[in-house]
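# here you go, sequence then predicted model.
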Amino acid sequence: MLDALSVDLTPVVAEQPDPLLFATVSGAHLYGFPSRDSDVDLRGVHLLPVASLIGLREPEETRTRMWDRDGVEMDLVTHDLRKFVRLMLRRNGYVLEQLLSPLVVHTTGAHEELRALAPGVLTSHHAHHYRGFAGTQWRLFERTGELKPLLYSFRALLTGVHLMRAGEVQAHLPTLCGEVPEAPGYLGELIEAKAAAEHGPAEGLVPGRLRADHEALHRVLDAAEAETRLPERPGSLDALHEFVVRARTGEPS
């Protein structure tokens, strides 16, 4: 299995038309259940010049690059800083997981500053993001019978519960199993099974029990949202606005 942290992005960074503020590993590697044949999902932020945003041409707010390394497919998806921060403010847990990922393959001072501002965008409404993502993955599991969307669904629910209770984004499923008491005990076995194949079937499982546990975790998330101390609205809009302006214009802090 390719070590996600061994990825050398130096040539890729050098080829970018605009500065890359950070790139981290997301997906199954971040969630703690990569397979031998898992793709490596790299996510990050680039910084467009002012002229690209105020001119007549449509700015490249999102860029994608894919390549193969030692037989493993890799993809790098980056958003322009302004778009990325707007996604942060829209209660998008996915981009927060990318920003806060401990699997860092490229970083800058701006990355660290943005990470420090992340807690200010956390709200009780992030429960809706994780509830919706879990539902989408559960339906995919029911349609395909694959283990991957099943783990994605449980991971999303547990991330949402932990966020509502602890006020922090934790995307690593093995860690969540130890942090959330309501996590089903068999998830560890499913993680081990997932290591064998990225799109392997979910075998030896009792559908009725899976559904019951999944629905129970939805209720746990509902209760955690109702009791959370997280605010209803983000409190760091002004600070994020100032950060984006400084990063774009190069003004000192």
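Everything's here; your move.

# how near is residue 188 to residue 194?
Residue 188 sits at a distance of 11 Å from residue 194 (criterion: C-beta to C-beta, to the nearest Å). (C-beta placed from N, C-alpha, C; glycine too.)

# which one of these two is surrounded by more residues?
For residue 188 versus residue 194, the count of surrounding residues by other C-beta atoms under 10 Å is larger for residue 194: 25 against 14.

# show me the strands in the stretch 1-150 of the chain, by range?
Assigned by DSSP state E, counting those that start in this stretch, the stretch 1-150 of the chain shows strands spanning 20-26, 40-46, 62-69, 72-80, 104-106.

# quick one: the second one to chain centroid distance?
The offset between the C-alpha centroid of strand 40-46 and the centroid of the whole chain comes to 10 Å, using C-alpha atoms, centre = their mean, to the nearest Å.

# try the first one
The chain centroid and the centroid of strand 20-26 are separated by 11 Å, computed with C-alpha atoms, centre = their mean.

# what does the last one give?
For strand 104-106, the separation from the chain centroid amounts to 15 Å (computed by C-alpha atoms, centre = their mean).

# so what are the sheet partners of that strand and their directions?
With DSSP bridges as the test, strand 104-106 is paired with strand 20-26 (antiparallel).

# try the longest one
Each strand pairing with strand 72-80, determined using DSSP bridges, is listed with its direction: strand 40-46 (parallel), strand 62-69 (antiparallel).

# tell me where the model's unsure across the stretch 1-150 of the chain.
1-7, 9 (pLDDT under 70).

# out of the strands paired with strand 72-80, which is closest to residue 11?
Closest approach to residue 11 among those (C-beta to C-beta): strand 62-69, 10.0 Å.
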